[in-house]
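> compute the structure for the input listed below.
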Amino acid sequence: KAKVLWDMAEKAGIKLCLLNIGGGYPINYTKTSINIDIIERTIHKLIFEKFPEDIEIHIEPGRSVVGDAGVLVSSVIGKAKRYDEDWLYIDVGVFNGLMESLGGIRYSYIVESYKSNDKKWTLAGPSCDSFDVIDKNIPLPEPDIGCLILILSSGAYTVSYASEFNGFSIPKNILI
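Model prediction:
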């Protein structure tokens, strides 16, 4: 569609010199493999086939640059059995920066636990809001109350999405 708009501008006598191809470049939240080289080659090929050589190209890689740089450290504040489901409550949730889990992003976790058998958990945040569910049916070893859960690939947008909803503090941001 960018090429259609580019051509329309040129037909109207407007000389464009910059193409911003935006962002949305993925990262590996879970074990699935994303080949960024294939994405880069495809974009490169399309730009150089369809657009003039002398234009300036802007790219907004955001998430693909900083996503894997963040690890959100949480701790277990509760466990419950609801119907036939095991629930695990941690001190951060959807409203403390994990808002994108509502849109389908599934994080990877490292759990401080001395138990080796995984159970399927519903992972929820600390608020009383029914939307504060981070993930469902995730296999994790059973932690004790107070154990740490590291939420990987949480470097993109977590801080900007965080709020003090329901009286819970925004997680501290520590850069190493």
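> burial check on residue 160, number of neighbours?
8 (other Cβ atoms under 10 Å). C-beta here means a position set from N, CA and C on the backbone, and glycine is covered the same way.
> tell me which helix or strand it sits in.
helix 158-161 (DSSP states H and E).
> who's in contact with residue 19?
Residue 19 is in contact with 2, 6, 47, 51, 55-58, counting by Cβ atoms under 8 Å, 6 or more residues apart in numbering.
> please report how far it lies from residue 116.
From residue 19 over to residue 116 the distance is 52 Å, taken as Cβ to Cβ, to the nearest Å.
> same question, residue 150
Residue 150 is 18 Å from residue 116, where distance means Cβ to Cβ.
> ok, these two, which is more surrounded?
Remark: of residue 150 and residue 116, residue 150 carries more neighbours, 15 against 7, as counted by other Cβ under 10 Å.
> residue contacts, the closest residue in space to the more buried one that isn't next to it in sequence?
Distances taken as Cβ to Cβ, 6 or more residues apart in numbering put residue 110 closest to residue 150, at 4.2 Å, once the chain neighbours are dropped. Residues in contact with residue 110, defined by Cβ under 8 Å, 6+ apart, are 149-150, 152.
> for residue 86, helix, strand, or coil?
What DSSP: H, G, I helix; E, B strand; the rest coil gives for residue 86 is strand.
> hey, what's residue 89 bridged with?
For residue 89, the beta-bridge partners under DSSP bridges are residue 78, residue 124.
> that one contacts residue 128, doesn't it?
No. Using Cβ atoms under 8 Å, residue 89 is not in contact with residue 128, being 10.8 Å away.
> nothing else from me, thank you.
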